[in-house]
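Asker: fold the following and give me the result.
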Amino acid sequence: MTNSSSTSTSSTTGGSLLLLCEDEEAWAGRRIPVSLLYSGLAIGGTLANGMVIYLVSSFRKLQTTSNAFIVNGCAADLSVCALWMPQEAVLGLLPAGSTEPPGDWDAAGGSYRLLRGGLLGLGLTVSLLSHCLVALNRYLLITRAPATYQVLYQRRHTVGMLALSWAIALGLVLLLPPWAPRPGAAPPQLHYPALLAAGALLAQTALLLHCYLGIVRRVRVSVKRVSVLNFHLLHQLPGCAAAAAAFPAAPHASGPGGAA
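Answerer: Residues are numbered from 1 along each chain as shown. Got it, this is the predicted structure:
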């Protein structure tokens, strides 16, 4: 009887991030606030990402290449907010000793955990790739010639980039070990999903810094060039030349013994 109870508890705690390290007494008062937080994030994220997708799809002026990558990221975030977070909120409210539906690991429950973990990994990976695509698009738009930008971001190339982001994310989810560990199994020495997440965040941060710092440098150089050009054009205007001739520089003031 004791083994059955411990197995049931282990099966429950292995499926949800809220219940991974659960001490029933210590977490008794924390699961409800965390579940409410998940619920709030799910509602807010679903509404915000859905609104962005609706606005871009409704107004033709907003249907640009950069916004296509933004919508791609919003779709990935929407899948996490609308599908994954509500499940975590509900699972966090379940009693610690209850069996998580739909069954144990070897039956449908294992597939359910894999599906939920894969959904999280897919959404996060596509979201990170979409942020990188947005930054790279803006960098090339500002730092490259318009003809080069138009060649790189033709319609079919843009669609290919969007499809490639989902294909890469799906391949990583399918090829890597499960995001959720098997209940009762010994913890692996290397947690590959955690390493993947850390590596993806570091790579994304490096790419974003390179792109946006490059944009800042290019804008500063352009501002200096425009300022110098405006200065020379201003002094070449006829009105400025006439004003300079009519009001020459004032002579130095004479000393006390000078002429009146």
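Asker: was I right to think residue 66 contacts residue 136?
Answerer: No: under the criterion of C-beta atoms under 8 Å, residue 66 lies out of contact with residue 136, with a separation of 10.1 Å. (C-beta placed from N, C-alpha, C; glycine too.)
Asker: contacting residues around residue 126?
Answerer: By C-beta atoms under 8 Å, 6 or more residues apart in numbering, residue 126 lies in contact with 72, 73, 75, 76, 165, 166, 169.
Asker: hmm, I typed the wrong one, I wanted residue 79.
Answerer: Neighbour list for residue 79: 119, 122, 123 [criterion: C-beta under 8 Å, 6+ apart].
Asker: what residues of the helix or strand the last one falls within count as buried?
Answerer: Assigned by DSSP states H and E, residue 123 belongs to helix 108-143. Along helix 108-143, the positions that meet the burial threshold by neighbour count (16 or more other C-beta atoms under 10 Å) are 109-110, 112-114, 116-141.
Asker: one more: stretch 72-82?
Answerer: Neighbour counts using 16+ other C-beta under 10 Å place 72, 73, 74, 75, 76, 77, 78, 79, 80, 81, 82 of stretch 72-82 among the buried residues.
Asker: which residues are contacting stretch 165-174?
Answerer: Residues outside stretch 165-174 that contact it (C-beta under 8 Å, 6+ apart): 72, 76, 118, 121, 122, 125, 126, 129, 130, 133, 179, 196.
Asker: quick one: average pLDDT of that stretch?
Answerer: Stretch 165-174 comes out with an average pLDDT of 89.
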